[in-house]
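Peer 1: Here you go, sequence then predicted model.
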Amino acid sequence: EDVFSTYLYDGTGATQTITNGIDLAGEGGMTWIKLRNSASNNELYDTERGATYSICTNTTNAAITRTTSLTSFNSNGFTLGSGTNVNANNYTAASWTWRKVPKFFDVVEYNSTSGNTTNFGSAGATVDHNLGSVPGCIMVKCTDTGATNWKVYHRGLNGGTNPEQYEIELNQTGAQANSANSWNDTAPTSTQFTLGASGDVNNGSRSYIA
């Protein structure tokens, strides 16, 4: 309970603090927010990019700054502004929060200057992570360019046989696809994951969050 939280709350239209027991300020992590009774976007906020910096799992849009959304990460949760995307008055919301901790969850931002990539922009590039175990699932989204899909690796794809040869897209409804474009047909390790040639995950002039 100190590394993951599902927390339901009522929107107020005014600043409110959500206390879910997760130390985001000190340890880092990610919060996913969705209004439950509104056709709104699924909004993600993480400590690598910083508060107010939103990205939506159901769209291909680039990340945007929302100054009145999730306004701070706290030692026991997070604070919301008055933004209707996360805190609309008379609406209910669900939040899911993951804390960064080895062998459970990590957040990695990578680009040409992040210092955690090798051969970035070329098929076979690698990205370092701090999970300390082989990832069971990896979700990647380009943050600075729109019209790019969310690419997902999961160890259960293709029934668990060579799942690194497959991908799904979080924002689409299609079935799994056999493609080397996202993961270069290379299984992740306890320290790195490998990128294919797709610009959705590996364009040398773009930034990404995983």
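Peer 2: Thanks, I have it. Quick caveat, the model's predicted, so the values are computed rather than measured.

Peer 1: going forward, measure contacts and count neighbours with C-alpha atoms only.
Peer 2: OK.

Peer 1: Please report the distance of the closest residue to residue 131 other than its chain neighbours from residue 190.
Peer 2: Distances taken as Cα to Cα, 6 or more residues apart in numbering place residue 102 nearest to residue 131, at 4.7 Å, with adjacent residues excluded. Separation of residue 102 from residue 190 (Cα to Cα, to the nearest Å) stands at 10 Å.

Peer 1: Mind listing the shared neighbours of those two?
Peer 2: 130, 131, 132, 133 (Cα atoms under 8 Å, 6 or more residues apart in numbering).

Peer 1: of those residues, closest to residue 21?
Peer 2: Among those, residue 131 lies closest to residue 21 (Cα to Cα), at 21.4 Å.

Peer 1: that older thread, the shared contacts of residue 102 and residue 190 into TSV, with extra columns for pLDDT?
Peer 2: Formatted as TSV, these follow (pLDDT from 0 to 100):
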residue	pLDDT
130	97
131	98
132	97
133	98
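
Peer 1: out of those residues, who has the most neighbours?
Peer 2: Ranked by the number of neighbours (other Cα atoms under 10 Å), those place residue 131 first, at 20 neighbours.

Peer 1: Need the three-state assignment for that residue.
Peer 2: At residue 131, secondary structure determined by DSSP: H, G, I helix; E, B strand; the rest coil is coil.

Peer 1: Likewise for residue 158?
Peer 2: Applying three-state DSSP: residue 158 is helix.

Peer 1: give the contact list for it.
Peer 2: With Cα under 8 Å, 6+ apart, residue 158 has these contacts: 166, 176.

Peer 1: Distance of it relative to residue 175?
Peer 2: 11 Å.

Peer 1: about what we covered before: is it possible to get JSON lines of the shared contacts of residue 102 and residue 190 that adds distance to residue 15?
Peer 2: What follows is the shared contacts of residue 102 and residue 190, written out as JSON lines (distance: Cα to Cα, whole Å):
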{"residue": "130", "distance to residue 15": "33"}
{"residue": "131", "distance to residue 15": "34"}
{"residue": "132", "distance to residue 15": "37"}
{"residue": "133", "distance to residue 15": "38"}
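
Peer 1: Check this protein and tell me which residue is nearest its centre.
Peer 2: Centroid-nearest residue in the chain: residue 210, 5.6 Å away (criterion: Cα atoms, centre = their mean).
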